[in-house]
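*Asks:* Test case, fold it:
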Amino acid sequence: MFNHDQGRSPCSTITKRTNQPSLLKRMVQTGFTGYLCRVLEEGIVRKNSKITLLESHPNKVSNLYGNEIYFHKQKDIEGIKRLLAVEELADEWKEPLVNRLNKLTAL
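*Replies:* I've put the predicted structure just below:
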């Protein structure tokens, strides 16, 4: 059982592990960077296991939307505010977004 997912910021590890130099750039371009989940109940997940969304987050912010704002629409003030409104957003995302928002609104 999982609770809340967290978008992944791709890093050079994917290139090192796969020996595919263009993979990192492609992940950023497409927004398909993966995600992490927090385990609430230990168990085994197999390839035929079902994963079912029980409840959507009330803010309706997807990982794909987060990646779009974070990587491609870095000056989208409303988009940044929408991401920061997600209480569960990881500090690794919050801090740079707050800094970016502060710079954009100081202009």
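*Asks:* Ala85 versus the residue located most distally from the centre of the chain, what's the distance?
*Replies:* In the chain, Leu107 marks the outermost C-alpha relative to the chain mean, sitting 27.2 Å out by C-alpha atoms, centre = their mean. From Leu107 across to Ala85, the span is 22 Å (C-beta to C-beta, to the nearest Å). Any C-beta I mention is one placed from the backbone N, CA and C, and that applies to glycine too.
*Asks:* same question, Arg26
*Replies:* 30 Å.
*Asks:* Repeat that for Val28.
*Replies:* 24 Å.
*Asks:* okay, those two: which has more neighbours?
*Replies:* Val28 (16 against 11; other C-beta atoms under 10 Å).
*Asks:* For the more buried one, report the pLDDT, please.
*Replies:* We have a pLDDT of 75 for Val28.
*Asks:* do the same with Met1
*Replies:* 37.
*Asks:* can you offset everything so residue one is 121?
*Replies:* Okay, using 121 as the starting number, the last item reads as Met121.
*Asks:* Surely Arg202 touches Asn179?
*Replies:* Yes - with contact defined as C-beta atoms under 8 Å, Arg202 reaches Asn179; the gap is 7.2 Å.
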